[in-house]
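Enquirer: With the input below, show me the fold.
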Amino acid sequence: MKRIFFLLLLVLTIVSSITAGTLAMYTASIDSLAQGSTVAKEFIFVGDGTDTFQQGIKIAPSETADWQFKVKNYKNQVITETDLYYKLTFTVLASPGKKAIDPLTVSVKDINGNILNRVTGVGTFDVLGSFPLSAVGQEKDYTVEIHWPDNGSSDINFAGNNFGTTVNVAAIASQVPLNGSGPGNPPQQKPISVKYETTAPWQNGQSHNYQYNYKITITNNFSEPIKDWSFAFLLQNDKLTDAWNAKLVSYTPPGNYFFMNPGYNNQFTDNILPGQSVSFGGPAKGKGTEAIQNVSVGGSNTSNITDVDLTCVFGESSLN
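Expert: Now for the predicted structure:
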């Protein structure tokens, strides 16, 4: 059977609006130019069409809400004729005209209840999957879980209709591996991986301003060390006020941060060795739900690297 390789650009947008104390609506649709359909919470990566579904959910502090969906590579008797790879990108952000419900944790689980990825507050993460070539149609089950932990008196800060969170899900399916992913083809690794983590915010007893702690981990995926490393990024609203295990050199213009290695004269802290990581962190002002942007890693033996795999995780109970 001839293997025809083509890209199924499923401009599939699931828009999930979660409003504090009110009805939340989930809407899924596929762009009319895409090949595929969404039928009864099934994301089908063959065929034509545009379908939608809606589901109402109420959520309040200490509650958990979830909804399920399937990913399939067949429709009726039509089955994908090659290996099929797909990526679901979940973006959690404040609803238009509202502030995000910071305590919310959005998780994606497989059929066995294993958490594939998650974010607290706002942020973006991916879920990758694939269907190997088979004469029999295949499907996979997923659950999106939205949890609002009980934070006691702090939950009153999210009362009213000024708060809401939206979950956007974009899906791309391809009959060639996405970013080199798939059976026997591990995802292609970018030169640098960066993880930005924050704790749940708290209010200063005197100023009543929000504060949090942050941690940044830089991993060198090169085969050569990055000597005398430096790190720059943009953080427009939150303010990092100090750094441990690094030098906070500058944050001007406002929001443009530049860090340097701590200068301990130690190759394990001042350099980032191949396959190794360095971490630093400190206190900050704000709610800690804003992702860093325009990330750049440099060194005395390399020009600035901007091809970075960035992960942001907000609202963690602690930073190890």
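
Enquirer: For Leu310, give its distance to Leu234.
Expert: 12 Å (C-beta to C-beta, to the nearest Å). Bear in mind the C-beta positions are built from the backbone N, C-alpha and C, glycine included.

Enquirer: between those two, what contacts are shared?
Expert: Ile292 (C-beta atoms under 8 Å, 6 or more residues apart in numbering).

Enquirer: helix, strand or coil for Lys222?
Expert: No, residue 222 isn't Lys; it's Phe. Here Phe222 is recorded as coil under DSSP: H, G, I helix; E, B strand; the rest coil.

Enquirer: and Trp148, what does it touch?
Expert: Trp148 neighbours (C-beta under 8 Å, 6+ apart): 59-64, 101, 103-105.

Enquirer: Now render the residues you listed as a markdown table, adding neighbour count and distance to Asn256.
Expert: Formatted as a markdown table, those follow (neighbours: other C-beta atoms under 10 Å; distance: C-beta to C-beta, whole Å):
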| residue | neighbour count | distance to Asn256 |
| --- | --- | --- |
| Ile59 | 21 | 37 |
| Ala60 | 13 | 39 |
| Pro61 | 18 | 37 |
| Ser62 | 12 | 40 |
| Glu63 | 13 | 40 |
| Thr64 | 12 | 39 |
| Ile101 | 26 | 29 |
| Pro103 | 22 | 29 |
| Leu104 | 24 | 29 |
| Thr105 | 17 | 30 |
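
Enquirer: With secondary structure and pLDDT as added columns, please give those in JSON lines.
Expert: Compiled in JSON lines, these are given as follows (DSSP: H, G, I helix; E, B strand; the rest coil; pLDDT from 0 to 100):
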{"residue": "Ile59", "secondary structure": "coil", "pLDDT": "74"}
{"residue": "Ala60", "secondary structure": "coil", "pLDDT": "79"}
{"residue": "Pro61", "secondary structure": "coil", "pLDDT": "82"}
{"residue": "Ser62", "secondary structure": "coil", "pLDDT": "83"}
{"residue": "Glu63", "secondary structure": "coil", "pLDDT": "85"}
{"residue": "Thr64", "secondary structure": "strand", "pLDDT": "86"}
{"residue": "Ile101", "secondary structure": "coil", "pLDDT": "81"}
{"residue": "Pro103", "secondary structure": "coil", "pLDDT": "82"}
{"residue": "Leu104", "secondary structure": "coil", "pLDDT": "83"}
{"residue": "Thr105", "secondary structure": "strand", "pLDDT": "85"}
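
Enquirer: nearest to Glu81, of these?
Expert: Thr105 (39.2 Å; C-beta to C-beta).

Enquirer: Verify the stated contact: the closest one with Gly315.
Expert: Yes - in this structure Thr105 lies within contact range of Gly315 using C-beta atoms under 8 Å: 7.3 Å.

Enquirer: which neighbours do these two share?
Expert: By C-beta under 8 Å, 6+ apart, the residues touching both Thr105 and Gly315 are Thr120.

Enquirer: from the middle of its chain, how far away would stretch 205-224 be?
Expert: Taking C-alpha atoms, centre = their mean, to the nearest Å, one finds the center of stretch 205-224 at 16 Å from the center of the full chain.
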